[in-house]
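Visitor: need a 3D model of the following:
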Amino acid sequence: MVQNQINEIQGKLNSSATELATKTTDNSEKIQKLLNQVFQALEEMYYNSWLHREPPKLVDGGQSQRTFVYIKDAIEVVVLMIV
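Guide: Residues are numbered from 1 along each chain as shown. Prediction:
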């Protein structure tokens, strides 16, 4: 009886670990694609700025120099990417 319960728990743990590994791999690929797109957009932005001899405009038409993010929001995004 106890051994059956242990086997059942072990099966659930293995299944959960497999599911998590699959989702993590899928999300890793999605994150890498997104980072590549962001990098490409930044390259284009800086190239155009250089070509037109203008300073790059990052946020709010170049008026803002920083973007602030709440830690809670950043953690929530990471959790959503993992799940």
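Visitor: every contact and neighbour count from this point should use C-alpha atoms.
Guide: OK.
Visitor: what strand or helix carries the residue nearest the centre of the chain?
Guide: Taking Cα atoms, centre = their mean, the centroid of the chain lies closest to Ile31, which sits 4.5 Å from it. Assessed by DSSP states H and E, Ile31 sits inside helix 2-51.
Visitor: the residue of the chain positioned farthest from its centre and Asp26, how far apart?
Guide: In the chain, the residue that sits farthest from the middle, by Cα atoms, centre = their mean, is Met1; the gap is 43.7 Å. Computed as Cα to Cα, to the nearest Å, the Met1 to Asp26 distance reads 38 Å.
Visitor: what do you get for Ile71?
Guide: From Ile71 to Asp26 the distance is 24 Å (Cα to Cα).
Visitor: what about the two, which has more around it?
Guide: Comparing Ile71 with Asp26 by other Cα atoms under 10 Å, the one with more neighbours is Asp26, at 13 against 9.
Visitor: can you check the pLDDT for the more buried one?
Guide: Looking at Asp26, its pLDDT stands at 78.
Visitor: please apply the same query to the one 3 residues further on.
Guide: Per-residue confidence (pLDDT) for Glu29: 81.
Visitor: count residues in the vicinity of it, would you?
Guide: Glu29 sits with 12 neighbouring residues when counted by other Cα under 10 Å.
Visitor: tell me the contacts of it?
Guide: For Glu29, the contact set (Cα atoms under 8 Å, 6 or more residues apart in numbering) is empty.
Visitor: quick one: it from Thr22, how far?
Guide: Distance of Glu29 to Thr22, computed by Cα to Cα: 11 Å.
Visitor: Gln32 now?
Guide: 16 Å.
Visitor: Pro55 now?
Guide: Relative to Thr22, and taking Cα to Cα, Pro55 is found at 43 Å.
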